[in-house]
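Trainee: 3D model of this:
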Amino acid sequence: MKSRNSLIRLKRFQVDEKRRQVMQIEMMIAEFERMASELDEQILAEQKRSGITDVAHFAYPTFAKAAMGRRDNLIGSANDLRGQLDAAQAALSEAVEEVRSGRRRAGCARRSGVAPLLPRQLIRTVGGFFIAPDRFWAGMLRWRVRRFLWDALV
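Mentor: Residues are numbered from 1 along each chain as shown. Purely as a prediction, here's the structure:
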């Protein structure tokens with residue numbers, strides 16, 4: 001029971017980690033696109049200021065040329081990150097399915113007769129009914145039996 005819970009916690013942690021990676025990649029793509037659009041605005045402002053829009057012109061501003069190179073690099077990096085994003089989303093969906101299938105398998109184990117452990121010294125059966133020595137343990141026993149039955153039905 002403990003090892004299953006720790007395994008489920010580990011899988012949930014892995015899913016959370018993959019979600020963080022996907023979010024981080026999405027944020028980087030958005031940041032690169034924002035920076036590229038700012039560079040576009042700066043390029044247009046520089047072209048307007050100089051009055052030259054032809055890149056092949058000998059007097060074309062060097063700042064605009066450098067900004068165009070940076071913008072192209074940012075767009076290329078964003079496109080590369082989109083490929084990484086697809087891979088990260090696929091890994092996330094696999095991890096989510098692993099967690100879901102692990103829960104289903106845990107549910108099957110519960111239905112197959114693996115019951116939560118009850119302290120044997122506190123429980124006696126008389127004619128199929130559970131009897132506990134005092135009120136607290138009787139309440140605990142009722143709760144555990146209800147939980148077991150609920151898990152078996154679900």
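Trainee: so A67 makes contact with L44?
Mentor: No: between A67 and L44 there is no contact under Cβ atoms under 8 Å: 10.0 Å. No exception for glycine: its C-beta is placed from N, CA and C like everyone else's.
Trainee: How many residues are close by L92?
Mentor: Neighbourhood size, L92 [other Cβ atoms under 10 Å]: 19.
Trainee: all strands for this protein, in order.
Mentor: Counting by DSSP state E, the segments of the chain that form strands are 124-126, 129-131.
Trainee: where does the protein have low pLDDT?
Mentor: Counting by pLDDT under 70, the low-confidence segments of the chain come to 1-2, 103-154.
Trainee: Which parts of it belong to which domain?
Mentor: 2-114, 118-154 (automatic domain parsing).
Trainee: Tell me which of A67 and L44 has more neighbours.
Mentor: Taking other Cβ under 10 Å, A67 and L44 do not tie; A67 has more neighbours (20 against 13).
Trainee: Next, work out how far apart V99 and K18 are.
Mentor: From V99 over to K18 the distance is 11 Å, taken as Cβ to Cβ, to the nearest Å.
Trainee: So between those two, which is more surrounded?
Mentor: Remark: of V99 and K18, K18 carries more neighbours, 19 against 15, as counted by other Cβ under 10 Å.
Trainee: buried stuff in stretch 90-102?
Mentor: Residues of stretch 90-102 classed as buried by neighbour count (16 or more other Cβ atoms under 10 Å): 91-92, 95-96, 102.
Trainee: Tell me which of those fall in helices.
Mentor: 91-92, 95-96, 102 (DSSP state H).
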